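Colleague: Below are the sequence and a predicted model; questions follow.
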Amino acid sequence: NSATDIGQNAEGSTLKTTYQTYIRTTQLAGTYTGKVKYTMVHPANAGAPTQPVSCNPGYICYSPNASGVADSMGDQSITSSATTANLWASNFQRTGYGFAGWSDKYDWVLNENDANGNGTGANAGYHIYGPNATITFTAGQYSDPNPGLSLYAVWVPSAGNLQGWTCPDNSTMPIGRVTALKDQRDNDVYAVAKLADGKCWMIENLRLDNDAAHNSDGTLAQGYNSSFIGLADPEASNFKSSTVANSLYSTNGSTAAPAITGSYTDYRFPRYNNQNTANPATNMTAWDNDLNVYSIGNYYTWAAAIADTSHYDTNNQSITTTSICPTGWRLPTGGQTTINTTADYYVLVKATMNNQEPDQGATNGYAYYSNNVTNTNGDTAMTALTSYPNDFISSGYFLDSSMYARGNSGYYWASTAGTSYYVSYNLHFSNSSFWPGTGSQNKNTGFSIRCVR
């Protein structure tokens, strides 16, 4: 067949030519002597063909599942008596692809699953997990004489740009459907999903760093237009926010953002770099001990999150309209009292919990879900939101030069200012409770960012 006959124009797909590699085990290689067999490779598995890997008993092994993947991960130990495990966030990075999660099937076919990540069709009997999901199993299931658990990265090829992309309706992009899009500011690619609230969310933490966008003198690098809002470089100050000058470049590439003085100097610090660039060859054997982990992304103060230091003193639950998100995307809204029922985080969590209201503080606005509330799958809010396709990560937070709560809690900025000058709202979760955009924290803290549209 010609390339055109078998779908050359299928978006994101590639054609592979071979004499033997793709021949089914029930067919003889000699059948194809003198001929070329064309095999359509699914977009999620485009690149060098992968094979299942063997994992030693007592471990969870993480496979990059493709060639050309940067960085590495070690094996996660599990005890023979364990019945649950919190998966490690991914440290793998693959140019041109977003990361959707881990699968126990090496040749997972993207989107051949239900909205909870349970395999259908070619994936039947397998599952896809969030990068930091809690998984359950039978005690001893992955111990001698059984092999350990092998998990494989699920990659999603870029299908366009974040800028200018419009979230399709549910008939075109059903709930749970995943794609990937490129941020034109630095060419990084993020997995994107239609979540339970009907909106499209980035399901990876923002990793934007202005090194690729700005020259050393602060001017925009070639290829970046004036709509790029970048960040000043804080690394020389060793993460100490009070010693850094202006935190944001203006849209024309200058450092025109007004300096902040007085008692609010700590709130101008832009972001804490968490990317594993200092030593990409580091063998990452744990992800909750302050080592850099790629999929956690960078940490941003609220001024950096809203891309505007001039609003550091905004309060009274006002919602900012600027953000560091790509054009067309925005920070999710949060808040308490009268606005919490329509805030993005609140609506997403409530929809994920099958429209159940929070069981704590619902009347006074300080609403959160305890582990007493479960959805129809029997999942708590933390379990549901860290599962595929939501993929929230317990990324912890930075304050000054120290990391806190990584591996135990997640903190994500909202665009909604708090009721005092120095705090803003956020989504916060831990093992015991889930605050759906109703948590509040100091604006100088380094939190993670997810963008929505």
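Modeller: Cool, got the structure.
Colleague: Below-threshold pLDDT in the stretch 251-400 of the chain: ranges please.
Modeller: Applying pLDDT under 70 to the stretch 251-400 of the chain picks out residues 251-292, 308-315, 337-340, 361-365, 400.
Colleague: Show me where the stretch 51-200 of the chain has its strands.
Modeller: 59-63, 76-77, 84-86, 97-103, 128-129, 134-136, 149-157, 178-183, 188-194, 200-202 (DSSP state E, counting those that start in this stretch).
Colleague: closest one to residue 307 among those?
Modeller: strand 178-183 (14.1 Å; Cβ to Cβ). C-beta here means a position set from N, CA and C on the backbone, and glycine is covered the same way.
Colleague: quick one: that closest one to strand 149-157, angle?
Modeller: Using axes from the mean of the first three to the mean of the last three Cα atoms, to 10 degrees, the inter-axis angle of strand 178-183 relative to strand 149-157 is 60 degrees.
Colleague: So which elements touch strand 178-183?
Modeller: strand 97-103, strand 149-157, strand 188-194 (3 or more Cβ pairs under 8 Å, 6 or more residues apart in numbering; DSSP states H and E).
Colleague: And the first one, what does it pack against?
Modeller: The one in question is strand 97-103. Looks like strand 97-103 contacts strand 128-129, strand 149-157, strand 178-183, strand 188-194 (3+ Cβ pairs under 8 Å, 6+ apart).
Colleague: Mean pLDDT and mean neighbour count for those strands - can I get that in TSV?
Modeller: Listed next are the helices and strands packed on strand 97-103 as TSV, based on pLDDT from 0 to 100; neighbours: other Cβ atoms under 10 Å:
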stretch	mean pLDDT	mean neighbour count
strand 128-129	97	24
strand 149-157	97	25
strand 178-183	95	24
strand 188-194	96	25
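Colleague: Out of those strands, the one nearest residue 79 is which?
Modeller: strand 149-157 (13.2 Å).
Colleague: hang on, residue 125 packs against residue 119?
Modeller: Yes: with contact defined as Cβ atoms under 8 Å, residue 125 counts as touching residue 119 (6.1 Å).
Colleague: Who has more neighbours out of the two?
Modeller: A count of neighbours by other Cβ atoms under 10 Å puts residue 119 above the other of residue 125 and residue 119, at 19 against 9.
Colleague: Compute the number of surrounding residues for the residue nearest to the more buried one when sequence neighbours are not counted.
Modeller: Closest residue in space to residue 119, ignoring its immediate chain neighbours: residue 126 at 4.2 Å, by Cβ to Cβ, 6 or more residues apart in numbering. Using other Cβ under 10 Å, residue 126 has 19 other residues around it.
Colleague: Dump the helices and strands packed on strand 97-103 to TSV, plus distance to residue 114.
Modeller: Formatted as TSV, these follow (distance: least, Cβ to Cβ, whole Å):
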stretch	distance to residue 114
strand 128-129	10
strand 149-157	15
strand 178-183	12
strand 188-194	13
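Colleague: how near is residue 138 to residue 148?
Modeller: Counting by Cβ to Cβ, to the nearest Å, the separation of residue 138 from residue 148 is 14 Å.
Colleague: Apologies, that question was intended for residue 438.
Modeller: 40 Å.
Colleague: which of these two has more neighbours?
Modeller: Neighbour comparison, residue 438 and residue 148: the larger count goes to residue 438, with 27 against 21 (by other Cβ under 10 Å).
Colleague: Now do the same for that one: helix, strand or coil?
Modeller: strand (DSSP: H, G, I helix; E, B strand; the rest coil).
Colleague: That one touches residue 367, doesn't it?
Modeller: Yes: with contact defined as Cβ under 8 Å, residue 438 counts as touching residue 367 (5.2 Å).
Colleague: Between the helices and strands packed on strand 97-103, which one is closest to residue 59.
Modeller: Between the helices and strands packed on strand 97-103, strand 149-157 lies closest to residue 59; by Cβ to Cβ that is 7.6 Å.
Colleague: Check which helices and strands the closest one is in contact with.
Modeller: strand 59-63, strand 97-103, strand 178-183.
Colleague: re earlier: can you redo the strands of the stretch 51-200 of the chain as TSV with distance to residue 171?
Modeller: Output for these, formatted as TSV (distance: least, Cβ to Cβ, whole Å):
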stretch	distance to residue 171
strand 59-63	35
strand 76-77	40
strand 84-86	36
strand 97-103	22
strand 128-129	23
strand 134-136	32
strand 149-157	21
strand 178-183	15
strand 188-194	11
strand 200-202	14
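Colleague: before we move on, back to that, a markdown table please, covering the helices and strands packed on strand 178-183 and showing distance to residue 130.
Modeller: Formatted as a markdown table, the helices and strands packed on strand 178-183 follow (distance: least, Cβ to Cβ, whole Å):
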| stretch | distance to residue 130 |
| --- | --- |
| strand 97-103 | 5 |
| strand 149-157 | 11 |
| strand 188-194 | 11 |
